[in-house]
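[1] A predicted structure for the sequence below; I have some questions about it.
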Amino acid sequence: MASTHLSLHYHFVFCTKNRHPWFPPSIRDRVHEYVGGIIHGVDGFPHAVGGTADHIHVFAGLRATHSIADVMRELKSESSRWIHKELRLAGFAWQEGYGAFTVSASNIESVRNYVLNQEQHHRVKTFQEEYVKMLQLGMVPYQEAHLW
């Protein structure tokens, strides 16, 4: 082939430390916009950013040169720095781990809608239920004792 063609889409999920509810609705959009800007800054494409008071979902298109670990490190460190400086949330921190799931191009719109409608989604399903279901659908092995 004369050139390279890629369709690499990822759904990331990560929580605030101890799942503390740091993001009330009054600041949530600002946090989500900033996180989307970080994805732009690493030369990715933010399909959607959403979440609730204690966790965030990032749905992004990335390049072949991106390392998931590097993107997540950038997302967490840059957003944490901004949250401390701009929102002045002393004591804020992200939890250490994260989830990263690939998404087929045919599912972009449904995952985008899912990410953008987290508050509605969590009226009927807890974060724990949601995350375990994501692990199961992604065929990711896990031990319950190491999830939370």
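    Looks like it came in fine.
[2] what comes up buried for the worst-scoring helix or strand of the chain on mean pLDDT?
    When each helix and strand of the chain is scored by mean pLDDT, DSSP states H and E, helix 118-121 comes last, with a mean of 86. Neighbour counts over helix 118-121 (16 or more other CB atoms under 10 Å) mark Gln118, His121 as buried. From N, CA and C alone the C-beta is placed, and that goes for glycine too.
[3] partner residues bridging Phe101?
    Note on Phe101: beta-bridge partners His11, judged by DSSP bridges.
[4] Counting neighbours, what do you get for it?
    Phe101 has 16 neighbours, counted by other CB atoms under 10 Å.
[5] How about Thr102?
    Applying other CB under 10 Å, we find 11 residues neighbouring Thr102.
[6] ok, it - contacts?
    Leu8, His9, Tyr10, His11, Gly138 (CB atoms under 8 Å, 6 or more residues apart in numbering).
[7] close enough to count as contact, the last one and Val103?
    Yep, that's Gly138 we're talking about. No: the pair formed by Gly138 and Val103 falls short of the contact definition of CB atoms under 8 Å, at 10.0 Å.
[8] about what we covered before: neighbour-wise, which of the contacts of Thr102 leads?
    Within the contacts of Thr102, neighbour counts (other CB under 10 Å) peak at His11, which reaches 22 neighbours.
[9] my guess is that one meets Tyr98, correct?
    No: look at His11 against Tyr98 with CB under 8 Å: they stay out of range, at 10.8 Å.
[10] Where do the helices of this structure begin and end?
    Per DSSP state H, the chain carries helices over the ranges 25-41, 68-86, 108-116, 118-121, 127-137.
[11] elements contacting the second one?
    Using 3 or more CB pairs under 8 Å, 6 or more residues apart in numbering; DSSP states H and E as the contact test, the elements touching helix 68-86 are strand 9-15, helix 25-41.
[12] how about CSV for those, with distance to Gln118 added?
    Below are these laid out as CSV (distance: least, CB to CB, whole Å):
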stretch, distance to Gln118
strand 9-15, 10
helix 25-41, 9
